[in-house]
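Trainee: pasting a predicted model and its sequence here:
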There are 2 protein chains.
Amino acid sequence: MRLSDTIEAFIKQMLQEEQMEIELKRNELAEYFHCAPSQINYVLATRFTPDHGYMTSSQRGGGGYIRIVRVCRSANDQIAYLIRERIGESLDAQSAQVLCAQLAESKAISLEDARLIAAAVSPQALSVPIPEGVKDAMRAKIFKTMLLTIARQKNALNG
Amino acid sequence: MRLSDTIEAFIKQMLQEEQMEIELKRNELAEYFHCAPSQINYVLATRFTPDHGYMTSSQRGGGGYIRIVRVCRSANDQIAYLIRERIGESLDAQSAQVLCAQLAESKAISLEDARLIAAAVSPQALSVPIPEGVKDAMRAKIFKTMLLTIARQKNALNG
DNA sequence: CTGAAAAGGTCAAAGAAAGACAATTATCAG
DNA sequence: CTGATAATTGTCTTTCTTTGACCTTTTCAG
């Protein structure tokens, strides 16, 4: 297993046990995992972004820290945000995958539905010879169309 | 016996003994069989495609891997038939709709899943400026990829 | 006030896989 | 025998991870 994954898991563990908000010392954590301090930044940059459902902030100098907050939205808000603001006209493959994972993890949609969206917009599913930019545009449309469909189906149940 | 066949058999052996899902190192496997690493890609591309009932994914970089998931299907399964025979390389919008309706009607998949597929391959979702023929090719791929995902989820429940 | 110490940030380079694809070689049907 | 198809190899590219050198901000002692 990669070090980055281990660190990611460690941080998520902390977030589960404690609560939605933790504070950590970059140097201590780096020391603990015997890695360069900037490795911590790498983990945050690749696994704790807003797309992943986290906000981070930090303070330098004596007594400095890194704060990680888990963002919590209702399922409806989250879906609406994605459709109206986040996705837009273009979505690359990697972001799509991250967003699907996040939707499932936050229980905004079921894991099964998340996998279905991920499958539909995966590079494999879209592997025809057209420019990458066009694929991103199509990915955005497919993603939004499917999200809308899921939202409608959810509402049909609840009323 | 050709090397490719040996590698194919080896991977299938792993998939039977372990479970439906394995992870392997491309370089290790290539080393083991004394062949070029790209040979592994060849085997995957020719023998572990969606049409064969497999899904593959991979990760590059340090700690990279190739993951292969077998979607166990009974030969007479309607989903398997669609993936292997019916859909093929190209599927127009109208046929896609009909197929979705039939799948739901015959209870091969749930109504919700049928609607999701229909949404994903609808003209609306695919409305970007590319030739109609390319869209049909893409529709076929999306359809098959999603069906395979559903099949996998179904038999994850049963065992 | 000021400068050293204590954080954390940035960025680029090195390393570690896997992917793409062209070129070559083997096999096989006719 | 020959042309087509399949298999094999090699080379170059892309992606992800890890490290390290250098930069900026903040605090705090004197």
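Mentor: Noted; the coordinates are in hand.
Trainee: CA atoms for contacts and neighbours, from now on please.
Mentor: Will do.
Trainee: what's the offset of the helix or strand where residue A:146 lies from the middle of its chain?
Mentor: Following DSSP states H and E, one finds residue A:146 within helix A:132-158. Centre-to-centre, helix A:132-158 and its host chain are 17 Å apart (Cα atoms, centre = their mean, to the nearest Å).
Trainee: is any part of it close to DNA strand C?
Mentor: No. Using Cα under 7 Å from any atom of the strand, helix A:132-158 stays clear of DNA strand C, coming no nearer than 12.1 Å.
Trainee: ok, stretch A:44-54 next?
Mentor: No. Using Cα under 7 Å from any atom of the strand, stretch A:44-54 stays clear of DNA strand C, with a minimum separation of 8.6 Å.
Trainee: and the spatially most central residue of chain A, how far is that from residue B:82?
Mentor: When Cα atoms, centre = their mean is applied to chain A, the residue found nearest the centroid is residue A:52 (2.1 Å). According to Cα to Cα, to the nearest Å, residue A:52 and residue B:82 sit 35 Å apart.
Trainee: contacting residues around the residue nearest to the centre of chain A?
Mentor: For residue A:52, the contact set (Cα atoms under 8 Å, 6 or more residues apart in numbering or on different chains) comprises A:98-99, A:102.
Trainee: one more pass at 10 Å, please.
Mentor: A:46, A:70-71, A:95, A:98-103, A:105-106 (Cα atoms under 10 Å, 6 or more residues apart in numbering or on different chains).
Trainee: pretty sure residue A:127 sits against residue B:89.
Mentor: No. The pair residue A:127 and residue B:89 fails to qualify as a contact (Cα atoms under 10 Å) at a distance of 11.8 Å.
Trainee: touching both of these two, which residues are there?
Mentor: B:137-138, B:141.
Trainee: could I get these as CSV with pLDDT?
Mentor: Converted to CSV, the shared contacts of residue A:127 and residue B:89 look like this (pLDDT from 0 to 100):
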residue, pLDDT
B:137, 96
B:138, 97
B:141, 97
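Trainee: as TSV, those residues with neighbour count and distance to chain A would be great.
Mentor: Shown next, in TSV, are the shared contacts of residue A:127 and residue B:89 (neighbours: other Cα atoms under 10 Å in any protein chain shown; distance: Cα to the nearest Cα, whole Å):
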residue	neighbour count	distance to chain A
B:137	21	7
B:138	24	6
B:141	26	5
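Trainee: ok, so of the residues you listed, who is nearest residue A:15?
Mentor: residue B:141 (39.0 Å; Cα to Cα).
Trainee: which residue packs closest to the closest one, ignoring adjacent ones?
Mentor: residue A:125 (5.0 Å; Cα to Cα, 6 or more residues apart in numbering or on different chains).
Trainee: any low-confidence regions in chain A?
Mentor: Where chain A drops to pLDDT under 70, the residues are A:18, A:159.
Trainee: how's it carved up into domains?
Mentor: A:3-70, A:75-158 (automatic domain parsing).
Trainee: got those as JSON lines, with distance to residue B:32 columns?
Mentor: Listed next are the domains of chain A as JSON lines, based on distance: least, Cα to Cα, whole Å:
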{"stretch": "domain A:3-70", "distance to residue B:32": "26"}
{"stretch": "domain A:75-158", "distance to residue B:32": "28"}
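Trainee: identify the residues contacting residue A:48.
Mentor: A:8, A:11-12, A:41-42, A:54-56, A:68-70.
Trainee: who touches the helix or strand where residue A:69 lies?
Mentor: Counting by DSSP H and E, the element that carries residue A:69 is strand A:65-70. Contact with strand A:65-70 is made by A:11-12, A:15-16, A:19-27, A:40-41, A:44, A:48-50, A:52-60, as judged by Cα under 10 Å, 6+ apart.
Trainee: just say helix, strand or coil for the residue lying farthest from the centre of chain A.
Mentor: The C-alpha centroid of chain A is most remote from residue A:62, which lies 31.3 Å away (Cα atoms, centre = their mean). On the three-state scheme (DSSP: H, G, I helix; E, B strand; the rest coil), residue A:62 is labelled coil.
Trainee: how about stretch A:1-17 and chain B, touching?
Mentor: Yes. Counting by Cα under 10 Å from any Cα of the partner chain, chain B has neighbours in stretch A:1-17: A:1-3.
Trainee: scan those residues and report the most crowded one.
Mentor: The most crowded member of these, judged by other Cα atoms under 10 Å in any protein chain shown, is residue A:3 (15 neighbours).
Trainee: wait, doesn't that residue sit right on residue A:36?
Mentor: No. Residue A:3 lies out of contact with residue A:36 (Cα under 10 Å); the separation is 11.2 Å.
Trainee: got the residues of chain A near DNA strand C?
Mentor: A:24-28, A:38, A:41, A:57-66.
Trainee: pull out the buried members of these.
Mentor: A:25-27, A:65-66 (16 or more other Cα atoms under 10 Å in any protein chain shown).
Trainee: most widely separated two among these?
Mentor: A:27 and A:66, at 10.3 Å, using Cα to Cα across these.
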